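**Q** Quick one, what's the 3D model for this:
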Amino acid sequence: MTERIRNQVVHWLECLEIERIHQQDEFSVLLNEQPVTKRVDEGFCWYPIHVPSTGYAIGEQPYVVVEFRRGEKNEDHFQSGQPVRLFRLDRDEVINECKGIIHWKNKGQMKIILHLKDIPDWVFESHIGVDLLYDERTFNQMEKAMKALLKSKSNSSTYRLADIFYGEKLPAEPRATKEERSLSGLNDSQKQAVNHALQSEDVSVIHGPPGTGKTTTLKYLIKELVSRGDQILVTAPSNAAVDWITALLHREEVNVVRIGHLSRIDNEVVDCSLESKVFSRDEAKQIKKVRLQAEEYRRQAGKYKRNFGPEERNTRRELYREARELSDWAREIEDRIIEQVIDGAEVVSCTLSGADGRYLRGRKFKVCIIDEASQALQGACWLAMIKADRVVLAGDPYQLPPTVKSHEADKKGLSSTLLDIAVEKFPKLSLLNIQYRMNSRIMEFSNRWFYGGALKAHEEVADHMLESAGDARSVIEFIDTAGCGFEEKQPPESRSYFNKDEYLIIREHLDPLLHQSFLESPTVGILSPYSAQVRFMRESMEEEQDLPFPVSIKTIDSFQGQEKDIIYISLVRSNDRGEIGFLKDYRRMNVAMTRARKKLVLIGDSATIARDRFYSRLLDYIEERGWYRTAWEFMR
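**A** Residues are numbered from 1 along each chain as shown. I've put the predicted structure just below:
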């Protein structure tokens, strides 16, 4: 390992540790210093709960289904895959507890896989609750992956890839080939990207700006790789991205196995899940029978309580022994089927974190494809990359970066991605340059600022607009709230901001659209970088009844990868200090603006945002074309 590579890896690990400590401290303050009632109000605890059912899951792991009954609506932070603590209170003191992981969550219920051999009796008592725990699994996974780089041998594929990203080495020149490929469904830039990735010997990059058909390009690439007989690992940082590409491959009749929590897998691809494929086999019926018998033995053993003699004690011991043996036998059968299913897959799909799961340990793939690589920390990418000989990174470095909460860690480079390194260092990237989403007027500003004017709008979308639209202003508008007194506000005990008057302007602007006659109702999204604004707008919109078509209200971060016919963006910030916070990350605005297909409406205070160069240019672009309006037009 060269000193250059080692120094960069060690520096990244130091940044990761800063982030870990920051999140630990943040979580400790949230949970450990608050009483149970406060934790419930903050959404980090369910209490009191009851347990309507229990059982044993795949791998003979005990589980409980818990139910939380609460009259008023309350959002929480529980998600499948997160660690939790099941506890029992007596006079506000914890007297029993055990840890587990959320398998699924649906409204007021959760299924929790327990880190125990059996289900404890006390879970059926009163005063039971569930706390969300600090989740450091991904930190441990990334740390392990990066340390593996430091130990990689100089003749290994892992070392070669590390040298390309952190050392002096550049990707090898693609090898020439005379193969004939059927890529008739792709444009020229997409074909070039597929061919470059197929001919690459180590690393290739597909730069896919918004609406350029990146996932479609990956689908064609994967089909070509599969036709060679290669087994492919397809990953992304988010479950949604993995499910989307899994669905595309499944429709093309590619044998794809989706690994991950069933609760986090989209219903469309459940049939592709590892669990579904395992339990659809004839041998799986035997597993079920054996487990039912093991559960019956445990139930019988549980009937014996404390006051019994040697004979009863021996009987109980024997029942537990037989239950364990049956469970071990069921697990052996299950493991054998799992191995057969994965061996037979043409494509294995999972999140980057899932690539480190036990089902893929020790496996090596010909090619690893990472979609949404711009949103993944370096250590997360290496979880998948160390399992492959060759790597394809796909994404857009000018969209949202990975989430890093520590300002110090971010400043030291933790959020810099492998895709960022590739854009800066590699001599050749495959840029997809035809976009199929936006009207060309919506695309133009982002195209100039982020993509050097390289993007072109396909003729089918270049001039498309709402059916009732007759002029360019119907495509883009900026509604200026300057001078209206629409001050930003901050909820108590929150770092977020909201601006209720901006929502009222959006509602006034939206109302005529809601009452127009469309042959096909347009899709509408209202976005903001601030969660407090999103929460306020949702609550306000929910009070209204009988909207003619649904309106989606989300943060910009949660909307990446989606699109709507009409997009409203509430910028929120309005102060005489010129502070714009989140808006300073221009990539976030690139994401927001490029979600719109036919109409984009921005609402903000020009006096606040125009002090920033990016927003000053954006306002110039809008005003020069006559797309500027004032909020006074909508105030009655």
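
**Q** Now do the same contact list for the most centrally placed residue in the chain.
**A** With distances taken as Cα atoms, centre = their mean, the residue of the chain nearest its centroid is residue 238 (2.8 Å). Counting by Cβ atoms under 8 Å, 6 or more residues apart in numbering, residue 238 touches 351, 372, 375. Backbone N, C-alpha and C define where each C-beta goes, glycine included.

**Q** got it, and residue 81?
**A** 101, 102, 261, 263, 264.

**Q** after the strand or helix carrying the second one comes which helix or strand?
**A** Take DSSP states H and E as the rule and residue 102 turns out to sit in strand 93-106. For strand 93-106, the succeeding helix or strand toward the C-terminus, using DSSP H and E, is strand 109-114.

**Q** That next one: partners in the sheet, and parallel or antiparallel?
**A** Paired with strand 109-114 in the same sheet, following DSSP bridges, are strand 61-68 (antiparallel), strand 93-106 (antiparallel).

**Q** Kindly compare burial across the ones you listed and name the winner.
**A** Most buried of the strands paired with strand 109-114, by mean neighbour count (mean count of other Cβ atoms under 10 Å): strand 61-68, with a mean of 20.

**Q** Which residues does it contact?
**A** With contact meaning Cβ under 8 Å, 6+ apart, strand 61-68 is reached by 46-47, 49-57, 86, 100, 103, 108-114, 116-119, 123, 128, 130.

**Q** Report the rounded mean pLDDT for that strand.
**A** Taken as a whole, strand 61-68 has a mean pLDDT of 91.

**Q** coming back round to it: ok, of the contacts of strand 61-68, which come out buried?
**A** 46-47, 49, 51, 54, 56, 86, 100, 103, 110-114, 119, 123, 128, 130 (16 or more other Cβ atoms under 10 Å).

**Q** Name the weakest-confidence residue in the contacts of residue 81, if you would.
**A** Within these, pLDDT is lowest for residue 263, at 69.

**Q** Flag the shaky bits of the stretch 151-300 of the chain, pLDDT-wise.
**A** Confidence mapping of the stretch 151-300 of the chain against pLDDT under 70 gives the ranges 178, 180, 263.

**Q** Strands of that one, start to end?
**A** Ranges of strands in the stretch 151-300 of the chain, per DSSP state E, counting those that start in this stretch, are 203-207, 232-236, 256-258.

**Q** Distance to residue 277 added to those, as JSON lines?
**A** Output for the strands of the stretch 151-300 of the chain, formatted as JSON lines (distance: least, Cβ to Cβ, whole Å):
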{"stretch": "strand 203-207", "distance to residue 277": "29"}
{"stretch": "strand 232-236", "distance to residue 277": "16"}
{"stretch": "strand 256-258", "distance to residue 277": "6"}
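
**Q** What is the burial count for the spatially closest residue to residue 538 that is not a sequence neighbour?
**A** Spatial nearest neighbour of residue 538, chain neighbours left out: residue 553 (4.9 Å); criterion: Cβ to Cβ, 6 or more residues apart in numbering. Neighbours of residue 553 under the rule other Cβ atoms under 10 Å: 24.

**Q** From what I see, residue 553 and residue 539 are in contact.
**A** No - Residue 553 lies out of contact with residue 539 (Cβ atoms under 8 Å); the separation is 9.7 Å.

**Q** Now do the SS call for residue 599.
**A** strand (DSSP: H, G, I helix; E, B strand; the rest coil).

**Q** Pretty sure it sits against residue 465.
**A** Yes - Residue 599 lies in contact with residue 465 (Cβ under 8 Å); the separation is 6.9 Å.

**Q** lowest confidence element among the helices and strands of this structure?
**A** Ranking every helix and strand in the chain by mean pLDDT, DSSP states H and E puts helix 283-302 at the bottom, with a mean of 77.

**Q** for it, the distance to its chain's centre please.
**A** Computed by Cα atoms, centre = their mean, to the nearest Å, the separation of helix 283-302 from the middle of its chain amounts to 37 Å.

**Q** same check, this time on stretch 310-324
**A** Remark: stretch 310-324 is offset 47 Å from the chain centroid, using Cα atoms, centre = their mean.

**Q** looking at it, residue 13 is touching residue 146, isn't it?
**A** Yes - the criterion here is Cβ under 8 Å, and residue 13 meets it with residue 146 at 5.5 Å.

**Q** of these two, who's got more company?
**A** More crowded of residue 13 and residue 146, by other Cβ under 10 Å: residue 146, with 21 against 16.

**Q** what about that one, which helix or strand?
**A** Judged by DSSP H and E, residue 146 forms part of helix 137-151.

**Q** That helix packs against which elements?
**A** On a contact count with 3 or more Cβ pairs under 8 Å, 6 or more residues apart in numbering; DSSP states H and E, helix 137-151 meets helix 3-31, helix 157-166, helix 378-385.

**Q** can I get the CA coordinates of it in PDB?
**A** Provided in PDB are the C-alpha atoms of helix 137-151 (Å, rounded to 0.1, in the frame of the first residue of the first chain):
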ATOM      1  CA  ARG A 137     -24.000  -0.300  12.100                       C
ATOM      2  CA  THR A 138     -23.300   1.700   8.900                       C
ATOM      3  CA  PHE A 139     -20.300   3.400  10.700                       C
ATOM      4  CA  ASN A 140     -18.900   0.000  11.700                       C
ATOM      5  CA  GLN A 141     -19.500  -1.400   8.200                       C
ATOM      6  CA  MET A 142     -17.800   1.500   6.500                       C
ATOM      7  CA  GLU A 143     -14.900   1.500   8.900                       C
ATOM      8  CA  LYS A 144     -14.400  -2.200   8.300                       C
ATOM      9  CA  ALA A 145     -14.500  -1.800   4.500                       C
ATOM     10  CA  MET A 146     -12.000   1.100   4.500                       C
ATOM     11  CA  LYS A 147      -9.600  -0.800   6.800                       C
ATOM     12  CA  ALA A 148      -9.800  -3.700   4.400                       C
ATOM     13  CA  LEU A 149      -8.400  -1.400   1.700                       C
ATOM     14  CA  LEU A 150      -5.300  -0.900   3.900                       C
ATOM     15  CA  LYS A 151      -4.800  -4.700   4.100                       C
END
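
**Q** what comes into contact with that helix?
**A** Against helix 137-151 from outside (Cβ under 8 Å, 6+ apart): 1, 5-6, 9-10, 12-13, 16, 19-20, 83, 158-159, 162, 353, 356, 377-380, 382-383, 386.

**Q** If we go by neighbour counts, what in the lengthiest helix in the chain is buried?
**A** Longest helix in the chain, counting residues (DSSP state H): helix 310-343. Going by neighbour count (16+ other Cβ under 10 Å), the buried part of helix 310-343 is 316, 319-320, 322-323, 326-327, 330-331, 334, 337-338, 341-342.

**Q** Same check on stretch 546-558?
**A** For stretch 546-558, the neighbour count (16+ other Cβ under 10 Å) marks 551, 553, 554, 555, 556, 557 as buried.

**Q** End to end on it, go ahead and measure it.
**A** Here the two ends of stretch 546-558 are set 26 Å apart, with distance taken as Cα to Cα, to the nearest Å.

**Q** Quick check: mean pLDDT of that stretch?
**A** 85.

**Q** separation between residue 438 and residue 209?
**A** Taking Cβ to Cβ, to the nearest Å as the measure, residue 438 falls 10 Å from residue 209.

**Q** who's more crowded, these two?
**A** Shown here are residue 438 and residue 209; by other Cβ under 10 Å, residue 438 has more neighbours (29 against 26).

**Q** so the more buried one is in which element?
**A** Using DSSP H and E, residue 438 is not contained in any helix or strand.

**Q** ok so, going back, burial-wise, tell me which of the helices and strands packed on helix 137-151 comes out on top.
**A** Comparing the helices and strands packed on helix 137-151 by mean neighbour count (mean count of other Cβ under 10 Å), helix 378-385 comes out on top with a mean of 27.
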